[in-house]
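> when you get a sec, could you give me coordinates for this:
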Amino acid sequence: MNSVLVNSPYSVTCCPICGAESRYRRRGYYVKCAECKVAFREQHESDTELDDYWQKEFWSEEEIEKRKNREPVFQEAFKRLHQLKPTGGSVLDIGCGIGTFLKVCRQGGWQVTGVEPSVIACDVAKREYGLELINGLFESAMFQGKKFDAIFAAQVLHHLPDPAAFVADIDRVLADDGVLMLRTPNLIPLELSLLLQRVIGRKREFFCGPALYTFHPQTLSFLFGRLGYREVQFVNSRPYLELPRAPWEPGQSLGKNVRRLAVTALKVAGYGAVEAVQKLSQGRVVIGPSIFVVARKK
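Sure thing, here's the model as predicted:
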């Protein structure tokens, strides 16, 4: 039986994640699988368009500065990694940007390796942190004969044409008892936002660039379960808080700083609320807009 896409002019034959032939519902520019609950875009940019975006458009001076300021987010991620691997080891960061997480891991005594396709980001990583990154797209063949004690990929999975193949490939270079940490948007609280995305016409840059997927925790449990992972946890990701800037800096104003304070206050309140929900549900309900998937290979 062929799949049916409700309220859509497009034709879907099966889910690209679970392969189910099912009924789909329109969610803005996305459609949602009724089986594994992933939301995905059928139509997306060409490889050339995507490469141009990540190589040139994305890495503005403003974005680079934000990456530097997101160190507290990466420190929180490292804290969770250290709890699982207190003796340290080797870590691979895929799509590592300017290498902020690797900087934190190196300070914690870990051996660090990063893969990043953007030349601009690699140059910044070398200049700011002294990191020599591998400039290219990740594939396990880069590391034949090598296994990492931990693998990290923040805001990568939902941009990839084939997330299932990517997860299977990184599993090939993860050591037994290794820890895999992925950070990605969470479909549970963002599903209504997908409808808003279409209303305001932001097809590409709504979720940190041209996202092709938005994952439900159930989708991610399916992906890792298929590879044999039994310990899979979901953790609310600490939000990036943009603090007020000095009024004498170029382009700054009282109005901009008031808006920053308002957004920061909302993020702090929201994070506190989703953490309370997770605690009250004993970890079963994770509704933060961005989540860490923490999987341990046994």
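> every contact and neighbour count from this point should use C-alpha atoms.
Fine.
> any buried residues in stretch 157-166, and which?
For stretch 157-166, a neighbour-count test (16 or more other Cα atoms under 10 Å) marks 157, 158, 159, 161, 163, 164, 166 as buried.
> typo on my end, stretch 261-276
For stretch 261-276, by 16+ other Cα under 10 Å, it's 261, 264, 267, 271, 274, 275.
> for the last one, phi and psi?
As for residue 275, its main-chain torsions (degrees, to the nearest 10) stand at phi -70, psi -40.
> with just CA atoms, put the helix or strand where residue 167 lies into PDB.
Using DSSP states H and E, residue 167 maps to helix 163-171. This file holds the C-alpha atoms of helix 163-171, laid out as PDB (Å, rounded to 0.1, in the frame of the first residue of the first chain):
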ATOM      1  CA  PRO A 163      20.600  10.800   9.000                       C
ATOM      2  CA  ALA A 164      20.300   7.000   9.400                       C
ATOM      3  CA  ALA A 165      23.400   6.400   7.300                       C
ATOM      4  CA  PHE A 166      25.300   9.100   9.300                       C
ATOM      5  CA  VAL A 167      24.500   7.500  12.600                       C
ATOM      6  CA  ALA A 168      25.500   4.100  11.300                       C
ATOM      7  CA  ASP A 169      28.800   5.500  10.000                       C
ATOM      8  CA  ILE A 170      29.800   7.200  13.200                       C
ATOM      9  CA  ASP A 171      29.000   4.000  15.100                       C
END
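> can you list contacts of the helix or strand following it?
Next helix or strand after helix 163-171 toward the C-terminus (DSSP H and E): strand 174-185. For strand 174-185, contacts defined as Cα atoms under 8 Å, 6 or more residues apart in numbering pick out 81, 84, 147-158, 207, 214-215, 237, 289-298.
> where do the strands sit along the stretch 101-250 of the chain?
Listed in chain order, the strands of the stretch 101-250 of the chain (DSSP state E, counting those that start in this stretch) span 111-116, 134-135, 148-154, 174-185, 213-214, 231-236.
> I'd like to know which elements the first one is packed against.
Packed against strand 111-116 by the contact rule (3 or more Cα pairs under 8 Å, 6 or more residues apart in numbering; DSSP states H and E) you find strand 90-94, helix 100-107, strand 134-135.
> how many degrees apart are it and helix 100-107 in direction?
For strand 111-116 against helix 100-107, the angle by axes from the mean of the first three to the mean of the last three Cα atoms, to 10 degrees is 170 degrees.
> and if you look at the fourth one?
Regarding strand 174-185 and helix 100-107, their directions subtend 140 degrees when assessed with the same axes, to 10 degrees.
> got the buried residues for strand 174-185?
174, 175, 178, 179, 180, 181, 182, 183, 184, 185.
> on that earlier part again, most packed of the helices and strands packed on strand 111-116?
strand 90-94 (a mean of 23; mean count of other Cα atoms under 10 Å).
> that one - which strands sit beside it in the sheet, and in what orientation?
Note on strand 90-94: by DSSP bridges, its sheet partners are strand 111-116 (parallel), strand 148-154 (parallel).
> just checking, next helix/strand downstream of the one helix or strand in the chain whose mean pLDDT sits lowest?
Each helix and strand of the chain was given a mean pLDDT (mean pLDDT, DSSP states H and E); the minimum falls on strand 4-6 at a mean of 40. Next helix or strand after strand 4-6 toward the C-terminus (DSSP H and E): strand 23-27.
> name the nearest residue to residue 72, sequence neighbours excluded.
Distances taken as Cα to Cα, 6 or more residues apart in numbering place residue 240 nearest to residue 72, at 7.9 Å, with adjacent residues excluded.
> swap that for residue 286, sorry
Counting by Cα to Cα, 6+ apart, the residue nearest residue 286 is residue 278, at 5.6 Å.
> what of residue 121?
Counting by Cα to Cα, 6+ apart, residue 121 lies nearest to residue 98, which is 4.8 Å off, once chain neighbours are set aside.
> and the one you found, what does it touch?
Shown in contact with residue 98 (Cα under 8 Å, 6+ apart): 64, 67, 121, 122, 123, 124, 125.
> most widely separated two among those residues?
67 and 123 (13.9 Å; Cα to Cα).
> how many residues are close by residue 87?
By the measure other Cα atoms under 10 Å, the count of residues near residue 87 is 9.
> so it is in which element?
Going by DSSP H and E, residue 87 is not in any helix or strand.
> check what pLDDT it gets.
Note for residue 87: predicted pLDDT of 94.
> what's the local residue count around residue 216?
22.
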